[in-house]
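Trainee: Below are the sequence and a predicted model for it; my questions follow.
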Amino acid sequence: LDLSTFFLGRPLAAPLMNASGVWCNVTNQLNALAKSEAGAMVTKSCTLVRRDGNPEPRYHTLSMGSINSMGLPNEGHLYYLDYAQQHDYENKPLFFSVAGLTLDDNLTMVAQIQDAYTPAMVEINLSCPNVPGKAQIGYDFEALDVILAEISSAYARPFGVKLPPYFDIAHFDEVAEILNRYDKVAFVTCINSIGNGLMIDINSETVLIKPKQGFGGIGGEYVLPTALANVNAFYRRCPEKSIIGCGGVSTGEHVFMHLLAGASIVQVGTALYEEGVDIFARLKIELARIMQQKGYQKIEEYQGKLKTI
Ligand SMILES: C=Cc1c(C(=O)O)[nH]c(=O)[nH]c1=O
């Protein structure tokens, strides 16, 4: 069975990749992704300079997912630019996640990425929920409009955005209306973790992570319905753009759901953190089996074809 697909004109062996932030902070992790069955890969969201991130413990596995308040630990943008320069783009596409702490930092980073003439595709992270004192751009619609206008004029190539989850139809409408003003926004990645959840250990009667009094982004099974809704909402509202699905994926069935909802590529976060890069081989087998059972030869036969009743 053929799981190959295309994204912005580039061939992918499979519609699977890591979610930014998972298994992509340092070179040996990125090399493992490059060697894995993932069809593409993305770097950890970077800032202008290296960051330690929040104090530990800052990630905890939950019964149906994960909670994290990493605090944007990363090696600084030049580290990932170096990686991007030596990446084998024939092997698989590389996405470059950018999460500047200020608009100027974002503009400086995308300018350097542009000057490096790297084939990597930029994913602007507008949804980091864990930098204390920084409200998510994705929830500040005026700031969202400004940053897209500024990056569109500073960066000559197509780029994408990583959005937080939205929970109100009026917000889907408003954010899509903003995104559709920018032709250079070629793809939309939905969703980032559901921000500022809280989980409790009843034995010790404490929270599970140290930063932010235990508040952190929720990932995993818990977020699948919200992720599917955001993928389908923006798929319906942004017909000129591609959607990358992220959230709640740990089986081939979840991958199939995201593709049916309109995703062109499906990212894996929490399940990748727990299982390691072999998960991509397992997801390919499980997806292929589902397609075989349903008589599908190619992904485009069902991609985006979710039926309503
Ligand atoms: C880039 C920071 C993010 C982080 C983080 O580094 O805390 N965690 C997430 O779940 N999503 C993010 O976007």
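Mentor: Nice, thanks for sending it over.

Trainee: Can you list the buried residues in stretch 219-234?
Mentor: The neighbour-count check on stretch 219-234 (16 or more other Cβ atoms under 10 Å) flags 219-224, 226-234 as buried. (C-beta placed from N, C-alpha, C; glycine too.)

Trainee: Kindly report the same for stretch 187-199.
Mentor: 187, 188, 189, 190, 191, 192, 193, 194, 195, 196, 197, 199.

Trainee: Compute the distance between the fourth one and the ligand, please.
Mentor: For residue 190, the distance to the ligand under the criterion Cβ to the nearest ligand atom, to the nearest Å works out to 13 Å.

Trainee: And the pLDDT at the residue nearest to that residue when sequence neighbours are not counted?
Mentor: Nearest-residue entry for residue 190: residue 230, 3.8 Å, with adjacent residues in sequence omitted and distances by Cβ to Cβ, 6 or more residues apart in numbering. Here the pLDDT value assigned to residue 230 is 99.

Trainee: Hmm, residue 189 and residue 230 touching each other?
Mentor: No: here residue 230 does not reach residue 189: they are 9.7 Å apart, not a contact under Cβ atoms under 8 Å.

Trainee: quick one, helices of the stretch 151-300 of the chain?
Mentor: In the stretch 151-300 of the chain, the helices defined using DSSP state H, counting those that start in this stretch lie at 169-179, 224-237, 252-261, 270-275, 279-294.

Trainee: right, so of these, which gets closest to the ligand?
Mentor: helix 270-275 (9.6 Å; Cβ to the nearest ligand atom).

Trainee: residues making contact with that closest one?
Mentor: Helix 270-275 is contacted from outside by 18-19, 22-23, 59, 61, 65-66, 219-220, 249-250, 279, 282, using Cβ atoms under 8 Å, 6 or more residues apart in numbering.

Trainee: just to revisit the earlier point, which ones among the buried residues of stretch 187-199 lie within strands?
Mentor: Mapping these onto strands (DSSP state E) picks out 187, 188, 189, 190, 194, 195, 196, 197.

Trainee: Would you mind pulling the contact partners of stretch 296-308?
Mentor: By Cβ under 8 Å, 6+ apart, stretch 296-308 touches 1-3, 5, 15, 232, 235, 256, 259-264, 291, 294.

Trainee: Using the three-state scheme, assign the residue nearest to residue 281 when sequence neighbours are not counted.
Mentor: The shortest distance from residue 281 to any non-neighbouring residue, by Cβ to Cβ, 6+ apart, is to residue 37 (4.5 Å). Using DSSP: H, G, I helix; E, B strand; the rest coil, the structure places residue 37 in coil.

Trainee: sorry, back to before: between residue 230 and residue 189, what contacts are shared?
Mentor: residue 163.

Trainee: how about stretch 206-214: buried residues?
Mentor: Buried, per 16+ other Cβ under 10 Å, within stretch 206-214: 207, 208, 209, 211, 212, 214.

Trainee: Tell me the one among the buried residues of stretch 187-199 nearest to the ligand.
Mentor: residue 193 (3.5 Å).

Trainee: quick revisit: out of the buried residues of stretch 187-199, the closest to residue 177 would be?
Mentor: Within these, the smallest distance to residue 177 is 13.0 Å, found for residue 188 (Cβ to Cβ).
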